[in-house]
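In: return atomic coordinates for the entry below.
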Amino acid sequence: MTCQEVRFIPVRFKDAYGPVGAWFLLFKSRATNALGENYMETRKEELENWAPYGKVKPVPANLRNYLGMLDVIEGKGPIHMRTEEAIKKIADAESDPKAAKKKLKELEAEAWEDFLDMTISQAILWAATNIAPEERSSEIAAAEPYFIGSHSGASGAWVSGPEDLAPKDYFWGYENMTTVKGLFAAGDASGASSHKFSSGSHTEGRIAAKSAIRFVVNEKPSKGNYDAAHIQALKERVYRPFKTYEENVGKTTQPDVNPNYILPKMFMMRLQKLMDEYAGGVTAQFTTSEKNLERALELLAFLKEDSDKLAARDLHELMRAWRTSTVCIRRRPTSVPSCSAKRHVGPATTSGPTSPRWTTRTGRSSSTARWIRPPRSGRWRRSPSSSLQASRRARAPRWLMFVDLGSRALRAPGSPSSK
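Out: All right, here's what the predicted structure looks like:
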């Protein structure tokens, strides 16, 4: 895998995730804070701290986003996309009044069509909140961080390049084959090749598919010899959430609250809440610290343990159960950087040429805190000693604590604290 250190934090139209690229690039719109200030002008001096990238034109998206976030942190939000201003400016460029009126209608149609083509929810939000883009501006905001391999990020698997273009060391037999023989990747799954977008991902998918067929024809891989009992055991494990639900659903009057299982949606909400609040999400303005990461690891250990009790009512929930559980149990972190009260003070989006800056109270880098897993325990502890070190004691099911993951008040009477 490559580029896993890059978090993509895009700016989107708030609450419906509508993309902003068409407005910035096609409509030439600008974004301002709640006071009407253009933060690209009022915070121009900040770009000097990020030379040479802050001096190039156009300014990289991550730095533009960072300047807007500084305004929000200072209480100058929300940030608005000046859609009405951009549409009027383009229409006014027409000298003939009739042509200007016609142009205005065309721009209005394009504004709605842009979202009806890509993000229908944004058009619905505009209609629901009485927003006509030609009359008033819309809020924009930095969105949740994620990894992406086909947009402005490059996270994904190393894949073989084409023989006629790639250097010798970057071609190992078949285009788009990963370092695992016979495993091919495309789109978001292939790394180090950003800005593919939809059309590029579609093309890469065709290349990978044809390459995979050529691999099968040339290599003639064997069908394999698998133990039937092992396959049956895997099937039972996959369908276990169905069994968990059926055996316990009658034990409570409300099917989505049950001490014997947790439904995928609640599991997902816990994971999202955990990562958002402790691992540099929107709530924390994309900042984190050593203590926050320690708490995140502790809660992830709880979540991993509770994944054994995932339940599903239908095939969709079964898919969700495995999708959400594999996020937190496939790869567990073996170490966490000891930040010594560090906070990330760099641009919110690190999908670009700049790297995040870190500051410490001491000004020195500190050692790495090692994390180990005790035998026969689903809990993680710090070596040699830590407050995270704890035995598996009886406690109330944690999925009943969805109001506050750490609240003792929500525990069953008489149950001990997880500490």
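In: contacting residues for residue 88?
Out: Listed by C-beta atoms under 8 Å, 6 or more residues apart in numbering, the contact set of residue 88 reads 104, 134. Glycine gets a C-beta too; all of them are placed from N, C-alpha and C.
In: make that residue 73, sorry
Out: For residue 73, the contact set (C-beta under 8 Å, 6+ apart) comprises residue 285.
In: ok, it to residue 195 distance?
Out: As judged by C-beta to C-beta, to the nearest Å, residue 73 and residue 195 stand 29 Å apart.
In: how far does stretch 275-291 sit from the chain's center?
Out: 13 Å (C-alpha atoms, centre = their mean, to the nearest Å).
In: and it, which residues are buried?
Out: Across stretch 275-291, burial judged by 16 or more other C-beta atoms under 10 Å covers 275, 277, 278, 279, 280, 281, 284, 286, 288, 289, 290.
In: thought the second one was touching residue 283?
Out: Yes: with the criterion set as C-beta atoms under 8 Å, residue 277 and residue 283 qualify as a contacting pair; they are 5.2 Å apart.
In: quick check: residue 62 vs residue 32, distance?
Out: Counting by C-beta to C-beta, the separation of residue 62 from residue 32 is 19 Å.
In: quick one, which of the two is more surrounded?
Out: For residue 62 versus residue 32, neighbours defined as other C-beta atoms under 10 Å are more numerous around residue 62 (25 against 21).
In: and the helix or strand that one falls within, how far from the chain's centre?
Out: In this structure, residue 62 is located in helix 61-73 according to DSSP states H and E. The gap between the average C-alpha position of helix 61-73 and the chain average comes to 18 Å, counting by C-alpha atoms, centre = their mean.
In: read off the pLDDT value for residue 94.
Out: As predicted, residue 94 sits at a pLDDT of 81.
In: OK, contacts around residue 86?
Out: For residue 86, the contacting residues are 23, 27, 28, 29, 30, by C-beta under 8 Å, 6+ apart.
In: any of these buried? List them.
Out: Among the contacts of residue 86, those classed as buried by neighbour count (16+ other C-beta under 10 Å) are 23, 27, 29, 30.
In: any chance of the residues you listed in JSON lines, plus pLDDT, distance to residue 7 and secondary structure?
Out: Putting the buried ones among the contacts of residue 86 into JSON lines (pLDDT from 0 to 100; distance: C-beta to C-beta, whole Å; DSSP: H, G, I helix; E, B strand; the rest coil) gives the following:
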{"residue": "23", "pLDDT": "85", "distance to residue 7": "23", "secondary structure": "helix"}
{"residue": "27", "pLDDT": "84", "distance to residue 7": "28", "secondary structure": "coil"}
{"residue": "29", "pLDDT": "90", "distance to residue 7": "26", "secondary structure": "coil"}
{"residue": "30", "pLDDT": "92", "distance to residue 7": "26", "secondary structure": "coil"}
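In: and of the residues you listed, the nearest to residue 322?
Out: For the buried ones among the contacts of residue 86, the minimum distance to residue 322 (C-beta to C-beta) is 37.8 Å, reached by residue 23.
In: excluding residues flanking it in the chain, which one is nearest the closest one?
Out: Among residues not flanking residue 23 along the chain, residue 29 sits closest, at 4.3 Å (C-beta to C-beta, 6 or more residues apart in numbering).
In: right, and that neighbour touches residue 90 too?
Out: No: applying C-beta under 8 Å, one finds residue 29 not in contact with residue 90, separated by 9.8 Å.
In: what ranges does the stretch 1-150 of the chain have for its helices?
Out: Here the stretch 1-150 of the chain has its helices, by DSSP state H, counting those that start in this stretch, at 21, 39-42, 61-73, 83-92, 97-118, 120-128.
In: show the contacting residues for the nearest residue to residue 76 once chain neighbours are set aside.
Out: In this structure, residue 76 finds its nearest non-sequential neighbour in residue 33, 4.2 Å apart by C-beta to C-beta, 6+ apart. Remark: with contacts taken as C-beta under 8 Å, 6+ apart, residue 33 is in contact with 39, 68, 71, 72, 76, 77, 78, 79, 80.
In: could those residues go into a markdown table alongside pLDDT?
Out: Output for the contacts of residue 33, formatted as a markdown table (pLDDT from 0 to 100):
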| residue | pLDDT |
| --- | --- |
| 39 | 95 |
| 68 | 93 |
| 71 | 95 |
| 72 | 94 |
| 76 | 96 |
| 77 | 91 |
| 78 | 95 |
| 79 | 96 |
| 80 | 96 |
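In: narrow those to just the buried residues.
Out: 39, 68, 71, 72, 76, 77, 79, 80.
In: the nearest residue to residue 139 once chain neighbours are set aside and residue 31: what is the separation?
Out: Distances taken as C-beta to C-beta, 6+ apart place residue 14 nearest to residue 139, at 4.0 Å, with adjacent residues excluded. When C-beta to C-beta is applied, the distance between residue 14 and residue 31 equals 12 Å.
In: give me every residue that touches residue 22.
Out: Residue 22 makes contact with residue 114 under the criterion C-beta under 8 Å, 6+ apart.
In: mind checking pLDDT for it?
Out: Per the predicted model, pLDDT is 81 at residue 22.
In: same thing with residue 415?
Out: 36.
In: same question for residue 382.
Out: Per-residue confidence (pLDDT) for residue 382: 37.
In: re earlier: list just the nearest of the contacts of residue 86 to residue 326.
Out: Each of those was scored against residue 326 by C-beta to C-beta, and residue 23 proved nearest at 36.3 Å.
In: which non-adjacent residue is nearest the most centrally placed residue in the chain?
Out: Here the mean C-alpha position of the chain is nearest to the C-alpha of residue 146 (C-alpha atoms, centre = their mean), at a distance of 2.2 Å. If the residues on either side of it in the chain are set aside, residue 146 comes closest to residue 8, at 5.8 Å by C-beta to C-beta, 6+ apart.
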